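1. Sequence below, structure please.
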Amino acid sequence: MTSIRHFPATYPLPDWRNFGVMLRVLLGVNFLTLLAALVQALTLDQWLGRFVEMAALVEPLLLLVLGLLAALRDQLRRLALRLGQVVVVVLVMLLALAQQIYWQSLGFAEGSVVRVMLLSGAMSALVLLYFELRARAFSPAQAEARLAALNARIRPHFLFNSLNAVLSLIRARPQQAEAALESLSDLFRAAMRDPAELVSLADEIALGQQYMALEKLRLGERLTVNWQIAGDFSQTPIPPLMLQPLLENAVYHGVEPAAAGGEVLVRVVRQGDQLHLLIANPTCGQTPRAVGNQMALANIRERLALYYDLEARLDIVAGDETYEVRIILPWQTLRP
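-> Numbering: from 1, shown residues only. Predicted structure coming up:
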């Protein structure tokens, strides 16, 4: 089963295909180039011009290096950490050497080839050091502890609302109450999962359907759920308890305050290399009880950051009649 132990932030050697890693490398190298331009410029007026000149040489090399390292990511990760870091530095230096020789042959560059190689090697070593220190800061143990704390915030609301739904049925409809208790036991089991482990999206959808069935028993005809699930997601990983808090918010903030109730729309679809999730509920002209809603959304945003770094996104679209939560995740498959 895939877990947070397999995610980019916990590796000392970066995942060169991760968007967050690429962005940090681009910003870090350009910042170092900016500092180098400041050192070489005779005056502050010449600083920007010198940076542009240096960037014209650095950017093509940087993009080439990122592309090569992304292609070799799996091979590099099979190596021991120090050996992998040495290989990365050597690759950067060789590419810098090749580029410098090429630019000099065209008359576009001057200076010592050895100096260019040493500077590129030093810059790559600093970048690798940053990622190693960052990996230590986001060690699996610390990340798992953080996830456990975040999940603990969800459970009281989750279980309290579910228990209320069952209690409302015990006297009036005992058979339905028994079935609801069986569903509730599954919800308890899900709440007790290891927060570091990913689950299949199909299981998370089934859990959400059980939760909404409980709410349907409580709210009756006031609640309608429209499930639009396009595809088989049995091998698609997702953080646990990702859909349920959003469904709970949709019922609590959108359907329950309205006298006539309303419909909750749940749409799950794959688009290319991305997974799109949409949960929409009516606003019904009501003032949203925003404190609990924003806490749950901030909770999910933080968990997405721990799992996916910058590759996941949560957006809110609040209209006059509908309130939508949109989540975009990178498409993945469960590891054995």
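
2. Helices along the stretch 1-150 of the chain, start to end?
-> Taking DSSP state H, counting those that start in this stretch as the criterion, the stretch 1-150 of the chain contains helices spanning 19-40, 47-71, 73-77, 81-106, 113-137, 140-167.

3. got these as JSON lines, with distance to residue 197, mean neighbour count and mean pLDDT columns?
-> Using the backbone N, CA and C atoms, a C-beta is placed for each residue, glycine as well. Formatted as JSON lines, those follow (distance: least, C-beta to C-beta, whole Å; neighbours: other C-beta atoms under 10 Å; pLDDT from 0 to 100):
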{"stretch": "helix 19-40", "distance to residue 197": "22", "mean neighbour count": "16", "mean pLDDT": "88"}
{"stretch": "helix 47-71", "distance to residue 197": "27", "mean neighbour count": "16", "mean pLDDT": "88"}
{"stretch": "helix 73-77", "distance to residue 197": "21", "mean neighbour count": "13", "mean pLDDT": "87"}
{"stretch": "helix 81-106", "distance to residue 197": "25", "mean neighbour count": "16", "mean pLDDT": "88"}
{"stretch": "helix 113-137", "distance to residue 197": "20", "mean neighbour count": "16", "mean pLDDT": "86"}
{"stretch": "helix 140-167", "distance to residue 197": "10", "mean neighbour count": "16", "mean pLDDT": "60"}
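
4. Select, out of those helices, the one closest to residue 12.
-> With C-beta to C-beta, the closest approach to residue 12 among these belongs to helix 113-137: 4.4 Å.

5. Correct me if wrong, but residue 265 is in a strand.
-> Yes: Residue 265: assigned to a strand according to DSSP: H, G, I helix; E, B strand; the rest coil.

6. Excluding chain neighbours, what is closest to it?
-> Closest residue in space to residue 265, ignoring its immediate chain neighbours: residue 280 at 4.2 Å, by C-beta to C-beta, 6 or more residues apart in numbering.

7. how does the protein divide into domains?
-> Using automatic domain parsing, the domain parsing of the chain gives 4-137, 159-330.

8. can you give me the strands in the stretch 151-300 of the chain?
-> Assigned by DSSP state E, counting those that start in this stretch, the stretch 151-300 of the chain shows strands spanning 199-200, 223-230, 237-238, 262-271, 274-282.

9. Using CSV, write out every CA atom in the last one.
-> Put plainly, it is strand 274-282. Extracted in CSV, the C-alpha atoms of strand 274-282 (Å, rounded to 0.1, in the frame of the first residue of the first chain):
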residue,chain,number,x,y,z
GLN,A,274,-5.0,14.5,-13.3
LEU,A,275,-7.8,13.4,-11.1
HIS,A,276,-10.7,15.9,-10.7
LEU,A,277,-13.1,15.8,-7.7
LEU,A,278,-16.0,18.1,-7.4
ILE,A,279,-18.4,18.4,-4.4
ALA,A,280,-21.2,21.0,-4.9
ASN,A,281,-24.1,22.0,-2.7
PRO,A,282,-26.8,24.7,-2.8
